[in-house]
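>>> quick one, what's the 3D model for this:
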Amino acid sequence: PRGTMGVGTVHHVAWRINDDESQLQLRRELLAAGYQVSPVMDRNYFHSIYFREPGGVLFEVATDPPGFAVDEPAESLGQSLKLPPWLEKERALIEQNLTPVTVRKP
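Residues are numbered from 1 along each chain as shown. Got it, this is the predicted structure:
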């Protein structure tokens with residue numbers, strides 16, 4: 001029997017892949033093996049495909065590029081909350097629900 005989503009369960013497992021070309025090749029192989037694979041999804045910081053393994057676990061395969069420096073300089077990564085464009089309208093709600101993080105300087 002399939003489990004039920006809830007607290008303490010895994011939503012999905014993400015794997016990384018080098019680039020778009022490698023991801024498209026893997027997608028073709030998965031389709032040829034009979035898996036139902038999503039189209040490539042542009043997640044702003046990476047491109048993802050999704051499929052379920054026979055036990056029902058959702059797998060994501062995400063590319064390294066374009067990377068997290070797509071909307072801010074690498075030297076300032078992590079200093080402010082960056083959201084993909086489709087989540088900007090939710091910024092106030094997201095920020096209000098975040099636990100503050102304090103980063104100690106070395």
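>>> now the element after whichever helix in the chain runs longest, going C-ward?
Selection of the longest helix in the chain by residue count, based on DSSP state H, yields helix 20-32. Downstream of helix 20-32, the first helix or strand assigned by DSSP states H and E is strand 41-42.
>>> tell me the helix or strand right after that following strand.
Downstream of strand 41-42, the first helix or strand assigned by DSSP H and E is strand 46-52.
>>> list the buried residues in that next one.
46-51 (16 or more other C-beta atoms under 10 Å). All C-beta atoms are positioned from the backbone trio N, CA, C, and that covers glycine.
>>> any chance of a markdown table for these, columns pLDDT?
Below are these laid out as a markdown table (pLDDT from 0 to 100):
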| residue | pLDDT |
| --- | --- |
| F46 | 96 |
| H47 | 98 |
| S48 | 98 |
| I49 | 99 |
| Y50 | 98 |
| F51 | 98 |
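>>> okay if I get those as CSV plus distance to A32?
Formatted as CSV, the buried residues of strand 46-52 follow (distance: C-beta to C-beta, whole Å):
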residue, distance to A32
F46, 24
H47, 20
S48, 20
I49, 14
Y50, 17
F51, 12
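>>> any idea which of those is closest to L31?
F51 (9.0 Å; C-beta to C-beta).
>>> my guess is the closest one meets V37, correct?
Yes: judged on C-beta atoms under 8 Å, F51 makes contact with V37 at a distance of 4.5 Å.
>>> how long is stretch 35-50 end to end?
Length of stretch 35-50, first residue to last, C-alpha to C-alpha, to the nearest Å: 10 Å.
>>> let me fix that: stretch 94-103
Stretch 94-103 has an end-to-end distance of 20 Å (criterion: C-alpha to C-alpha).
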